[in-house]
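Trainee: model this:
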Amino acid sequence: CGLSSLQEAMAAGELATRAQAEVTCSICLEGFKEPVTTDCGHSFCQDCISQYWGQLESNFCCPQCGETCPQGNLRPSKELRNMVGSVRDLSSQVAHEPEGERVCDRHQEALKLFCEEDQMPICLVCRESRAHRTHPVLPMEEAAQEYKDQIQSHLQRLRKERWELLGFQSAEEKASEKLMRQVELERQRVTSECEQLRQLLAKEEGLRLAQLGELDSMITRRKKESVTRLGEEISRLSALIVELEGKCQQPAPEFLQGVRSTVSRAEKVTSQHLMLISQKLGRRSWAFPRAWVSKALILSLSAANVVLDQDTANPKLILSEDGKVVRMGDYAQRLVRNPNRFDLEPCVLGMEGFNSGRHFWVVELTGRSGWAVGVARQSVLRKSSLSLHPEEGLWAVHEQFNGFKARTSPENTVLLEGSPARIRIYLDYEAGLVAFYDAENEVPIFNFTASFATEKIFPFFDAAFPGPRCTGAHMLTLTCPPTDTR
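Mentor: So this is what the prediction gives:
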């Protein structure tokens, strides 16, 4: 069929379609409404781009090209707004073109049918021709509506998928922005902590070098004093030795004259037992206190102000009003039943638990042996006896009459010089580390490695582990002093 008039109409339709594409928002796929243009040159409906960017504060990404552009630089486009109206008029004109103008060039009959086999409009005469007689055909409007319905169905699905992808893209931008902020904060924290460490190390280096300088001067001075005293003593003893040797060479009559006096004088003369400089200074500790190392570590820790939780305390435990001191009482108190309370073991937890970060606190120990301190899972058993092993969700050290031990399986004996009066407990949640130090000299006591599995971890105290429950003047007192970094 010759279709010149139809082709002209189709050309006009294509022109209208191309023009419509130029004024279509790539987000909602509809004509622009209050169009705005970004710095990268792409245009969108103002509501669409605002909704797409959502709550972003920076790093706004263009949905079309991905380029980053400031949100404040959206420029209203009057030209596009005018173009939208013109294209709408053109599309309306094409849509309302009289049907009579669309005729078959061969038969000059109106194109009222659509051949589904050849996918082309035909007239009634074409329908009876040999070329189309056996082909399925539909009325033009019916065929158009059927295909429009199919396309609209696909459009609805595609628009939904596109909008979901735009949502994912926007969410990814927000997540990336949040991560970038976290990275920047972490960078600032690391820089700050390292600067503090550098300052602390420089200060400690100066202090230690100054002490070594003083020690150097002391060694030189003591060396001179020692050499002088030793020389005098050697000279005195040498003179006496020469005198005694000469006495021994004398004949008996002369030798025996005043011999008792000579022997007595020899007996009375002894060396001053001067302590050698190496012995005297050797007693000084060359292992300088490691408190400064602890200070460097503490700079990166969050200091915990531990307050004991009365609701978890065994009825025999007596807590101070400020929740800082616990001791064993003479008898069990009559308390309200509480599912969080330790019924059998003389234990108590700290009020605040931790599920992230690094923390430390100090426990002061007074009284007799028989205590345990450490950390416990929130799910630790409260109504049964405990062995204080990690399998029970407890990481603790304890002291008894027979020594200082870490509660492991099997039990681990810790060799310490003396019994610590203050214990510093470190918790690094993400690293799964529980470490114990003598707070007076920062000597390590024991380290546990653990997996906390996102569960909250609480400071743990046992005021009488295991054996005798101490009372009276021999009671044990556990104290959580105000946070310090000593």
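Trainee: low-scoring stretches of this structure, by residue?
Mentor: 1-21, 55-59, 70-72, 85, 87-101, 269-302, 367-369, 400-403, 410-418, 465-486 (pLDDT under 70).
Trainee: all helices of it, in order?
Mentor: 4-22, 46-53, 78-95, 124-128, 140-248, 252-256, 259-268, 277-282, 291-298 (DSSP state H).
Trainee: do you know which of these lies nearest T312?
Mentor: Closest approach to T312 among those (Cβ to Cβ): helix 291-298, 27.2 Å. Just so you know, the C-beta spots here come from the backbone N, C-alpha and C atoms, and that holds for glycine as well.
Trainee: contacts for stretch 346-353 next, please.
Mentor: Residues lying outside stretch 346-353 but in contact with it, judged by Cβ atoms under 8 Å, 6 or more residues apart in numbering, are 304-309, 312-314, 316-317, 319, 323, 326, 328, 342, 361, 376, 378, 386, 456-465, 469, 480.
Trainee: can you give me the buried ones in it?
Mentor: P346, C347, V348, L349, G350, M351, G353 (16 or more other Cβ atoms under 10 Å).
Trainee: gap between L237 and K224?
Mentor: Taking Cβ to Cβ, to the nearest Å as the measure, L237 falls 21 Å from K224.
Trainee: do the same with A210
Mentor: 22 Å.
Trainee: next one: L201
Mentor: Where K224 is concerned, L201 sits at a distance of 35 Å (Cβ to Cβ).
Trainee: between these two, which is the more surrounded one?
Mentor: Remark: of L201 and K224, L201 carries more neighbours, 14 against 11, as counted by other Cβ atoms under 10 Å.
Trainee: E67: which of the buried residues of stretch 346-353 is nearest?
Mentor: G353 (46.4 Å).
Trainee: list phi and psi for the closest one.
Mentor: Torsion angles at G353 (phi, psi; degrees, to the nearest 10) stand at phi -110, psi 170.
Trainee: so the protein: which segments form each domain?
Mentor: As given by the TED database, the domain ranges for the chain are 1-94, 317-479.
Trainee: so which of those domains gets nearest L111?
Mentor: domain 1-94 (6.4 Å).
Trainee: coming back round to it: of the contacts of stretch 346-353, grab the buried ones for ChimeraX.
Mentor: The following ChimeraX line selects those of the contacts of stretch 346-353 that are buried, judged by 16+ other Cβ under 10 Å:
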select :304,306,308,309,312,313,314,316,317,319,323,326,328,342,361,376,386,457,458,459,460,461,462,463,464,465,480
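Trainee: okay, and which of the contacts of stretch 346-353 map to strands?
Mentor: Within the contacts of stretch 346-353, residues falling in strands by DSSP state E are L317, L319, V326, M328, W361, A376, I457, F458, P459, F460, F461, D462.
Trainee: who does the second one bridge with?
Mentor: Under DSSP bridges, the beta-bridge partners of L319 are V326.
Trainee: how many neighbours does R133 have?
Mentor: So R133, with other Cβ under 10 Å, has 10 neighbours.
Trainee: please apply the same query to A210.
Mentor: 10.
Trainee: cool, and K405?
Mentor: 18.
Trainee: which residues touch the nearest residue in space to H135 that is not next to it in sequence?
Mentor: Spatial nearest neighbour of H135, chain neighbours left out: E117 (3.7 Å); criterion: Cβ to Cβ, 6 or more residues apart in numbering. Contacts for E117 (Cβ under 8 Å, 6+ apart) come out as H132, H135, P136.
Trainee: relative to N441, how far out is E117?
Mentor: Taking Cβ to Cβ, one finds E117 at 97 Å from N441.
Trainee: kindly report the same for F458.
Mentor: 27 Å.
Trainee: how about K78?
Mentor: From K78 to N441 the distance is 78 Å (Cβ to Cβ).
Trainee: compare the two (neighbour count), which wins?
Mentor: Each of K78 and N441 has its neighbours counted (other Cβ under 10 Å); N441 has more, 14 against 9.
Trainee: ok so, going back, in PyMOL, select just the buried ones from the contacts of E117.
Mentor: Buried subset of the contacts of E117, written as a PyMOL selection, criterion 16+ other Cβ under 10 Å:
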select buried, resi 132
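Trainee: tell me the one among the contacts of E117 nearest to S50.
Mentor: Out of the contacts of E117, the member with the shortest distance to S50 (by Cβ to Cβ) is P136, at 49.0 Å.
Trainee: run a quick check on that closest one versus F114, I expect a contact.
Mentor: No - counting by Cβ atoms under 8 Å, P136 sits too far from F114 to count as a contact (9.7 Å).
Trainee: between the two ends of stretch 349-366, how far is it?
Mentor: End-to-end distance of stretch 349-366 (Cα to Cα, to the nearest Å): 19 Å.
Trainee: got a list of contacts for stretch 126-145?
Mentor: By Cβ under 8 Å, 6+ apart, stretch 126-145 touches 1, 104, 106-107, 109, 111-118, 121-122, 146.
Trainee: same thing with stretch 48-64?
Mentor: So stretch 48-64 is in contact with 25-28, 36, 38, 40, 42, 44, 67-71, 74, 166, 169-170, 173-174, 176-177, 180, going by Cβ under 8 Å, 6+ apart.
Trainee: straight-line length of that stretch, end to end?
Mentor: End-to-end distance for stretch 48-64, by Cα to Cα: 13 Å.
Trainee: which of the residues in it are buried?
Mentor: C48, I49, Y52, W53, F60, C61, C62, P63.
Trainee: can you put these in TSV and add distance to S153?
Mentor: Output for these, formatted as TSV (distance: Cβ to Cβ, whole Å):
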residue	distance to S153
C48	23
I49	27
Y52	25
W53	30
F60	34
C61	31
C62	30
P63	24
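Trainee: from these, which is closest to V434?
Mentor: C61 (44.2 Å).
Trainee: bridged to the closest one, which residues?
Mentor: With DSSP bridges as the rule, C61 is bridged to T68.
Trainee: again with A406
Mentor: Bridge pairing for A406 - DSSP bridges - gives V397, N412.
Trainee: quick one: which of the contacts of stretch 126-145 is nearest F436?
Mentor: E146 (79.9 Å).
Trainee: how about the closest one, nearest residue that isn't a chain neighbour?
Mentor: Using Cβ to Cβ, 6+ apart, the closest residue to E146 is L138 (7.1 Å).
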